[in-house]
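S.K.: Have a look; sequence and predicted model below, questions after that.
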Amino acid sequence: MPRFFCALGGLSCESCKVLKLTYVEERGVRVDWIKIKTEYVTTDTTYRELAEKYGISQTQVANHSKDEGWRKLREEHLQNICLTTKVQRQTCST
């Protein structure tokens with residue numbers, strides 16, 4: 001079972017488990033899922049690249065992505081960038 005860490009509440013902080021604002025230790029690797037999610041949503045990084053970079057499996061990344069809707073968030077992020085760019089430059093291609 002993963003162990004949860006919180007800068008404010010320490011090991012197994014219950015509020016962080018609910019909010020998912022945690023580092024999680026999985027198979028001896030400390031994983032910052034918020035950082036990984038942010039990197040996925042805001043870049044063109046693949047699951048495989050994230051898995052290699054953070055020392056976790058591609059399946060773990062895919063499961064978190066599916067559970068939390070990362071693909072939709074990425075699409076929304078790209079649309080927001082596109083709209084911002086369009087307003088600034090009056091051109092945008094998707």
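M.R.: Structure's in. What do you need?
S.K.: List the buried residues of the longest helix anywhere in the chain.
M.R.: Using DSSP state H to assign secondary structure, the helix with the most residues in the chain is helix 70-89. Within helix 70-89, the residues scored as buried using 16 or more other Cβ atoms under 10 Å are 70, 73-74, 77. All C-beta atoms are positioned from the backbone trio N, CA, C, and that covers glycine.
S.K.: Redo the residues you listed as TSV? Include pLDDT and distance to N63.
M.R.: Output for the buried residues of helix 70-89, formatted as TSV (pLDDT from 0 to 100; distance: Cβ to Cβ, whole Å):
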residue	pLDDT	distance to N63
W70	92	11
L73	90	16
R74	91	16
H77	87	21
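S.K.: Quick check: the two most widely separated of these?
M.R.: W70 and H77 (10.0 Å; Cβ to Cβ).
S.K.: what do the two both touch?
M.R.: V41 (Cβ atoms under 8 Å, 6 or more residues apart in numbering).
S.K.: so where do the helices sit in this protein?
M.R.: Secondary structure of the chain (DSSP H): helices at 14-19, 33-42, 47-54, 58-68, 70-89.
S.K.: Phi, psi for I56 please.
M.R.: Phi and psi for I56, reported as degrees, to the nearest 10, are phi -130, psi 180.
S.K.: For it, grab the count of nearby residues.
M.R.: Counted by other Cβ atoms under 10 Å, the residues lying close to I56 total 19.
S.K.: Repeat that for the one 5 residues further on.
M.R.: Neighbouring residues of V61 were enumerated by other Cβ under 10 Å; the total is 25.
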